[in-house]
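**Q** Generate a structure from the sequence data that follows.
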Amino acid sequence: MKGFFETGGQAVHILRLIGPGAQPAVGAIAEVWQISAATRAADLGIGLVGATPLPWQDRILQRHGSSIPDPGSWGNRLSLRIMHDATPSQPVLFRAAHREQLEVSQMTGLEPGAWVDIRQGNATFSTTLASVDTLRGQVVLADPLPIALDPDGPGPMLQVRTLTAELHFSGQRVELFSNLSPSVTHARHFAQAITRESQFVRVAPMAVTDADRLPEAGDYSLSGGRDGLELQTEADWLAALAAQAAEDEIALIAAPDLVRTPPAAPPVPDSAPVAPDLCVLPLARPRGRIEGELHNAETDAPIADVLVTVAGEGKTTRSDENGRFTLKGLPLGIVELRLFASGYLPADPLVQARIDASDAEPTLLRMMALQEVPALSPEAIARVQQAMLDPGLVGPFRIALLDPPAPEQPPEALLEWVSKLDRSARGFAVAPWIGVPDDGDDALLLCPPSGHVCGAFAAAEALQGVHRAPGNMVLRHVKSVPLLLDEALATECYRAALNLIEATPGRAIRLMGSRSLSANPDWDQVSVRRLFDALERTLLTRFDWAIFEPATPLTRQLIVFAIEEFLETLRRRGMFAGQTPEEAYSVRCDAELNLPASQARGELIAEIAIAPTRPYEFITFSLAAQAEALNVTEGA
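**A** Predicted coordinates for the structure are as follows:
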């Protein structure tokens, strides 16, 4: 994704594949409330003002509401911290005959559903407010005051109790929810407000009768999230391709993870790096301590023999068989730990170092186990890539960017791969894999190029328009191209419709081709296919009124005038070849095309010819209104 945006991409739809064994991370608050990893529907573009929900999103909304379960191990890094707060106490008045009604002097924090404590001496009564009358300075309690409270005794005091919740991701606060109440009648009911506002979790009572139960203060971690990728198959990819067809906006599709290789396990360093000698005596200051406990984020089992280092301090230790570790002599405040263990992803949580005390409660930290994600077989990759070229599956008006099935393939293997692909104008094969920075390190990571090339398409379109070819566009966030070809091999690749990424000395790394996979010379430039896609998409939208009009000579003339006006605007922007309208396009909607028999069936046909690359060399398609629908047919 970084390569896409760095190169010039502006908008992207990301479809995340999960396997059959995927589960969302969940947690529990005192066996009463359940927390689960979820995504807000609004973050998927659902329910936005002026937006029409997509059919597949509509089904998700009907099944799950505005908060959608989001499976995956990412949720294991979430935790919810709950804190109890209170406003300053204020005196209240009540009468023995009206124990459900109080008179108050200040209305701050008082609203229907607010959770309040009323104290008189040693007696405390907790309830919620049923209603609030700000004009009279009165509140009505959901439950009447007990007899134990004496209207003639010491003045009762009222205190509003609230909840505050913080959502943490990898130890860092990412969301804050304030002024919460356990009452379901409150505008900010604890579970409803978090579910409504959070981008990451939803909270629900485990039983309907628990909806008003007070959540206890504390930290509550989520666990058990699984990606299920170890069971991912070719069928999951085909289902994903079919699912994205419902989105009309998509113009390019790419699947770089389709050709992924199983990642190597990250190395575990033998010891922590030594802190640099600053040649300055440090000032005496209180020292802190961290007591930690390391658990598997999925199974919650303790992890032994984890190398724990403190960034910049040179201190190191390892966890014991119970996952416990201790670090002493640290600066007070937030420090960054670095965690390494065989079979786990490295982690760098931020942890609070506290005053040195051996009885400190351990900080619970979780690490993500490496998942074995099997690569698809070459045959399965080939079938999925063929499916990406099928408009019947992936939807119309799309160009599929195809990656080589493996990194560091020789030219002969790349040419063999391209030769087996369908000769479709909707296919764009690009090679080789490219070297990108690995997390800001000097090391390079080989990755499929389609994400960067999608950015090149977007940059070319933003520069001149959809007719601008992506060839010769600079690819950003690329450090190297491992395959260097001589001129003869590069020419052979060009003839085979394989678009190369090249690193020329003294120049930036660029995409050096714009050929589609089509064997038809009319469609061998991908920019021609994209231009016609844009034209056809626009005509289908702009002239849908024609399906309701009779096929009279006047209607036919109106259609010709309207289409010619639209095409002339595009010609003046340089989208067609030719200096004059006659050289660039033509439009017919005459009696020869619209025979009496077709008119009797309610059909109306217009023939449109465009010269995309050379004057008078037209590619023709027809626009037909029939059976209450507008259709485009190419090659008419």
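**Q** Can you tell me what sits against stretch 231-240?
**A** Residues from elsewhere that reach stretch 231-240 (CB atoms under 8 Å, 6 or more residues apart in numbering): 15, 17-21, 255, 258, 373-374, 376, 380, 383-384, 387, 393. For the C-beta atoms, the positions are set from N, CA and C on the backbone; glycine is no exception.
**Q** Generate a PyMOL selection restricted to the buried entries among those.
**A** Here is the PyMOL selection string for the buried members of the contacts of stretch 231-240, based on 16 or more other CB atoms under 10 Å:
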select buried, resi 17+18+19+255+258+373+376+380+384+387
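**Q** The contacts of stretch 231-240 in helices, which ones?
**A** In helices, judged by DSSP state H, the following of those are found: 380, 383-384, 387, 393.
**Q** show me where pLDDT drops low in this protein?
**A** 30-31, 39-70, 95-97, 147-152, 207-212, 262-286, 356-360, 439-442, 636 (pLDDT under 70).
**Q** what about 50?
**A** Filtered on pLDDT under 50, the chain yields the residue ranges 41-67, 272, 274, 636.
**Q** so what are the domain limits for it?
**A** 20-83+164-228, 85-162, 231-262+374-526, 287-367, 543-634 (automatic domain parsing).
**Q** what about the helices in the stretch 151-300 of the chain?
**A** Ranges of helices in the stretch 151-300 of the chain, per DSSP state H, counting those that start in this stretch, are 190-197, 234-244.
**Q** For the first one, buried residues please.
**A** This points to helix 190-197. 190-195.
**Q** Farthest pair within those?
**A** Farthest-apart pair in the buried residues of helix 190-197 is Phe190 and Thr195; separation 9.6 Å (CB to CB).
**Q** shared neighbours, these two?
**A** Common neighbours of Phe190 and Thr195 (CB under 8 Å, 6+ apart) are Val203.
**Q** how many neighbours does Met473 have?
**A** 24 (other CB atoms under 10 Å).
**Q** That one reaches Ala458, doesn't it?
**A** No. Applying CB atoms under 8 Å as the test, Met473 and Ala458 come out as separate, 9.5 Å apart.
**Q** Report the contact partners of Glu249.
**A** 11, 13.
**Q** Show me what the lengthiest helix in the chain is packed against.
**A** In the chain, with assignment by DSSP H, the single longest helix is helix 553-572. Other elements packing on helix 553-572 under the criterion 3 or more CB pairs under 8 Å, 6 or more residues apart in numbering; DSSP states H and E are helix 526-542, helix 581-584, strand 585-588, strand 604-610.
**Q** and of the ones you listed, who's closest to Asn631?
**A** helix 526-542 (8.0 Å).
**Q** That closest one to helix 553-572, inter-axis angle?
**A** Interaxial angle, helix 526-542 versus helix 553-572 (axes from the mean of the first three to the mean of the last three CA atoms, to 10 degrees): 140 degrees.
**Q** Show residues contacting helix 526-542.
**A** With CB under 8 Å, 6+ apart as the criterion, helix 526-542 contacts 251, 396-399, 425-426, 428, 457, 466-470, 514-516, 518, 522-523, 562-563, 566, 570, 575, 608, 610, 612-613, 619, 621, 623, 630, 632, 634.
**Q** just stretch 295-306 next, same as before
**A** 25, 73, 76-77, 223-226, 293-294, 318-325, 339-342, 344, 364-369.
**Q** Okay, and which of those residues map to helices?
**A** Checked against DSSP H, those include nothing in helices.
**Q** which of these are buried?
**A** 25, 73, 76-77, 223-226, 293-294, 319, 323, 325, 339-341, 344, 365-369.
**Q** all strands of the stretch 401-550 of the chain, in order?
**A** 427-431, 434-437, 444-447, 498-502, 510-511 (DSSP state E, counting those that start in this stretch).
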